[in-house]
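Visitor: What shape does this take:
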Amino acid sequence: MNLPGLNGKNAIVTGGGSGIGRATALRLAADGARVLVADLNAGTARAVADEITGAGGTAVAVVGDLSAQEVVDEVVATALDRLGGIDVLVNNAGIMDDMSATADVTDAVWERLLRVNLTAPFLLTRAVLPHMVERGSGSIVFTASEASLRGSAAGAAYTAAKHGVAGLVKSTAIMYREKGIRVNAVAPGGTATAISVDPAPGGGPAVLGQYMGNVGRVAQADELAAAIVFLASDAASNVNGVVLPVDNGWAAV
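Guide: Sure, this is the predicted structure:
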């Protein structure tokens, strides 16, 4: 059954070439949305867009690093020109750290993690908000993390970035709720995606290992996509400022 309020809408999905982003893009298209698939990988981004158009939907791909302002500008301009507007933004793209403890995090890792996982979705959110405000409506959904809710799910850099995402969600939700814009996030637990983790020896992984047994069943990308699309849809019309755990109860442990 299709969720209400998505048919004929225009949606941007970042990290849309694989994993949770791909599943979300396909589900939005199945519910009648026109989709811009943004991804760093040209092959996967175009493959997802082709899959949507091959099924009778409307989709376009934009390739690039969303931590660069010029790529953000291209995404917004393409959505306005090729789709006709922006109703939904799914800030899903992200990278994982090596689970380093604070004293072991290098400047390069810290800066890259915050740039990709926090600054990039901020840049795109800032860019789309004026268009949503002009329309008087919009829905923005972030992919946060279990690491947005606790200190025992990832390394220091990733945890700090994802806590920042949770704060950005809540602040933006309050600032724009009277403008007809809702802002929420999902907080995945263990999920089967293409994102890999190469843990640093000792330090963080050695400490965190005793807590990771609570993760429970590993989710499939479609399960996260279902929650994201629900939050984007009119079925969640009174849901705003929420960071929703989608983690098989890990956050409740």
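Visitor: contacting residues for Val35?
Guide: For Val35, the contact set (Cβ atoms under 8 Å, 6 or more residues apart in numbering) comprises 11-13, 16, 25, 28-29, 49, 52, 57-60, 83. Every residue, glycine included, has its C-beta placed from N, CA and C.
Visitor: got it, and Ala30?
Guide: Asn2, Ala55, Gly57.
Visitor: Buried subset of those as a PyMOL selection?
Guide: In PyMOL syntax, the buried subset of those is picked out as below (16 or more other Cβ atoms under 10 Å):
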select buried, resi 57
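Visitor: Just send the contacts of Ala30 back as TSV, with secondary structure and pLDDT too.
Guide: Shown next, in TSV, are the contacts of Ala30 (DSSP: H, G, I helix; E, B strand; the rest coil; pLDDT from 0 to 100):
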residue	secondary structure	pLDDT
Asn2	coil	86
Ala55	coil	98
Gly57	coil	98
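Visitor: Need the contacts of Ala30 in CSV (columns: distance to Leu89).
Guide: As requested, the contacts of Ala30 are exported to CSV (distance: Cβ to Cβ, whole Å):
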residue, distance to Leu89
Asn2, 20
Ala55, 22
Gly57, 18
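Visitor: does Val183 count as helix, strand or coil?
Guide: Here Val183 is recorded as strand under DSSP: H, G, I helix; E, B strand; the rest coil.
Visitor: so how far is Ala160 from it?
Guide: Here Val183 is placed at a distance of 20 Å from Ala160 (Cβ to Cβ, to the nearest Å).
Visitor: Am I right that Val13 is in a strand?
Guide: Yes: counting by three-state DSSP, Val13 falls inside a strand.
Visitor: which residues does it contact?
Guide: Listed by Cβ under 8 Å, 6+ apart, the contact partners of Val13 are Gly21, Thr24, Ala25, Leu28, Val35, Leu36, Val37, Ala38, Val90, Asn92.
Visitor: go again using 10 Å as the cut-off
Guide: By Cβ atoms under 10 Å, 6 or more residues apart in numbering, Val13 lies in contact with 20-29, 33, 35-39, 45, 48, 59, 88-93, 141, 225, 228, 232.
Visitor: and the contacts of Val35, which of them are in strands?
Guide: Counting by DSSP state E, the contacts of Val35 place Ala11, Ile12, Val13, Ala59, Val60 in strands.
Visitor: Pull the number of nearby residues for the first one.
Guide: Summarising burial for Ala11: neighbours were counted as other Cβ atoms under 10 Å, giving 28.
Visitor: Which strand residues bridge it?
Guide: Ala11 forms beta bridges with Val35, Val88, as assigned by DSSP bridges.
Visitor: Nothing else from me, thank you.
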